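**Student:** what's the 3D shape of this:
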Amino acid sequence: MMMHVGCVWGLSVFLSLSLGWTKAQQTNHSRPVFYCGGDLVSDSGFVGSEGFPSFYKPNSKCTWHITVPEGNVVTLSFRIFDLEADSQCRYDYLDVYNGQSNLVQKLGRFCGTFRPGTLISTTNTMMLELVTDEAAQSRGFVAYFSGTKPYVDDQQFCGGKMTKAQGEIKTPNWPDKKYPPGTTCSWLITVEPEMVIQVKFDKFVLEADTYCRFDYVAFFNGGEKDDSRIIGRHCGDQAPLPFVTSGNVLLVQFVSDLSVTSDGFLAHYTSIRRGSHVQPGAGTRYTNAQPPVPTTKYAPPPPPKPTERIRPVKPTRGRGQGTTDKDRRVTVSRPNGKRPVPQNPLCAKACKRDGTIKTSFCASEFVITGKVTSLSPGPRGTLHVGVSLIKAYKAGRLTITQVGETMSVKLVSQCKKCPLLRRGVNFIIMGQVDGDGRGTLEPGAFTAPYKAQHHRLLMNINNQPC
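**Tutor:** As a prediction, this is how the structure comes out:
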């Protein structure tokens, strides 16, 4: 569960009692002090933004180098995360690297209030770098790091460096029983420089979660320099699509938490010549091409052709009720006198919001903030909307897809011009969710331009009973 930051006193109690600070710090009844960067050489410990739980400083750059004992890998688990929100993390952000410098593989860039999942390195070192601008500071972050050994039992070794042209990746205990809880596995696959890596899944069943926070497998393009980016993070029972890396290095990470476990996965990789024409099978995607398609498939019916005849809709009656507004078909006449065309009856309403931000929050199945990245017309006056997610305050059954380092959602607005959305602008968006997991917007749905200061208002509403 994500923890929302409250008063300084409450955070002090949480940090001192729940996170297990040293005996000396507890005896002195003083809060632990976090500095701007430093070298952390230990079996385990905590790392946090400067001055936490006070707001971090503006115009700063803090770098932490974590080193655990040889033979271990670094596991980093975030306890609290609260940075300025931006869909592209351009202002305040935390970078995490798979090593001791920013020339190695980047495991991720993070901002906003969504707590990142567990991160693990392939060696005994990791680097964190927090960069802030001159405006809109927040509380910052606290994370726990520890040195852990890759999972080993009598049958198999989990993780390691792989240099063969082909091989397999599988969770511990596969296929005999479920993977164990509290497991971290990290595979670094390197093939010949002129080759790239193709990955296909045979079986895939991990604990399901909208954000894949608990049990997941993640893939990163990689190399000696920071030309890496996350290809995807996956969980649930839908096998990832086959994919091909952009280079000859691939990092694969599997993490399970201490609770629910499942059957796991089996995947095979093979090296293919860079730029070669392959037939990898339906659904294969390339990491340097278009972003992955959401798992929810939707193919709306095409609009009727001008020569086709439109059949009238029969009224739907139930429990003594007559014809409803949804049963009526509104038409408008063309200026040239040709056959009238159907128009969405919802669009006949005046374009104004129904209710206040509080009442709309409670009445909506999803409440998100995000940047509108695409607007495309759909059938019968609808509009398809792509949104890069800043934060989800309510998600329900809404399908959220990870594309690169960002989370995104697909929405369908029932009326093309209402509510009014603009590409490239951050919005607060509230609406309902259909049976396929798509967000739907009626003309009266609550939308408004989003500013960073709106986050606290939405959090306050979220914490109040409806």
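**Student:** chain center to stretch 81-101: distance?
**Tutor:** Its chain's C-alpha centre and that of stretch 81-101 lie 14 Å apart, by C-alpha atoms, centre = their mean, to the nearest Å.
**Student:** any idea of the mean pLDDT in that stretch?
**Tutor:** Across stretch 81-101, pLDDT averages out at 87.
**Student:** What are the boundaries of the strands in the stretch 151-300 of the chain?
**Tutor:** 160-162, 166-170, 184-190, 195-205, 216-222, 230-234, 243-244, 249-255, 264-273, 285-286 (DSSP state E, counting those that start in this stretch).
**Student:** nearest to Met407, of those?
**Tutor:** Shortest distance between Met407 and those, using C-beta to C-beta, is found for strand 230-234: 9.6 Å. C-beta coordinates here come from the backbone N, C-alpha and C atoms, glycine included.
**Student:** Pairing partners for that closest one, with directions?
**Tutor:** Note on strand 230-234: by DSSP bridges, its sheet partners are strand 216-222 (antiparallel).
**Student:** Export the strands of the stretch 151-300 of the chain as TSV, with columns for mean neighbour count and mean pLDDT.
**Tutor:** Below are the strands of the stretch 151-300 of the chain laid out as TSV (neighbours: other C-beta atoms under 10 Å; pLDDT from 0 to 100):
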stretch	mean neighbour count	mean pLDDT
strand 160-162	14	81
strand 166-170	16	92
strand 184-190	22	85
strand 195-205	19	93
strand 216-222	24	86
strand 230-234	22	83
strand 243-244	21	90
strand 249-255	25	88
strand 264-273	18	94
strand 285-286	16	42
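**Student:** out of these, which comes closest to Arg380?
**Tutor:** Arg380 lies closest to strand 285-286 among the strands of the stretch 151-300 of the chain, at 30.4 Å (C-beta to C-beta).
**Student:** what residues does the helix or strand harbouring Phe427 touch?
**Tutor:** Assigning secondary structure by DSSP states H and E places Phe427 in strand 426-433. Strand 426-433 has contacts (C-beta atoms under 8 Å, 6 or more residues apart in numbering) with 87, 357, 360-361, 364-372, 387, 390, 396-398, 411, 421, 439-442, 445-451, 454, 458.
**Student:** Can you pick out the ones from those that are in helices?
**Tutor:** Judged by DSSP state H, the contacts of strand 426-433 include Ile357, Ser360, Phe361, His454, Leu458 as members of helices.
**Student:** what would the strands of the stretch 151-300 of the chain look like in TSV with distance to Asn72?
**Tutor:** Supplementary listing: the strands of the stretch 151-300 of the chain in TSV, determined by distance: least, C-beta to C-beta, whole Å:
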stretch	distance to Asn72
strand 160-162	13
strand 166-170	21
strand 184-190	10
strand 195-205	26
strand 216-222	20
strand 230-234	23
strand 243-244	30
strand 249-255	15
strand 264-273	23
strand 285-286	34
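**Student:** residues contacting the nearest residue to Phe114 once chain neighbours are set aside?
**Tutor:** Closest residue to Phe114 apart from its sequence neighbours, by C-beta to C-beta, 6 or more residues apart in numbering: Lys391 at 6.0 Å. The neighbourhood of Lys391, defined by C-beta under 8 Å, 6+ apart, consists of Ala85, Gly112, Thr113, Phe114, Ile368, Thr369, Gly370, His455.
**Student:** got it, and Lys161?
**Tutor:** By C-beta under 8 Å, 6+ apart, Lys161 lies in contact with Thr122, Trp187, Leu188, Thr190.
**Student:** Let's see that with 10 Å instead.
**Tutor:** Thr122, Thr123, Ser186, Trp187, Leu188, Ile189, Thr190 (C-beta atoms under 10 Å, 6 or more residues apart in numbering).
**Student:** pretty sure the second one contacts Leu251?
**Tutor:** No. Counting by C-beta atoms under 10 Å, no contact exists between Thr123 and Leu251, whose distance comes to 11.6 Å.
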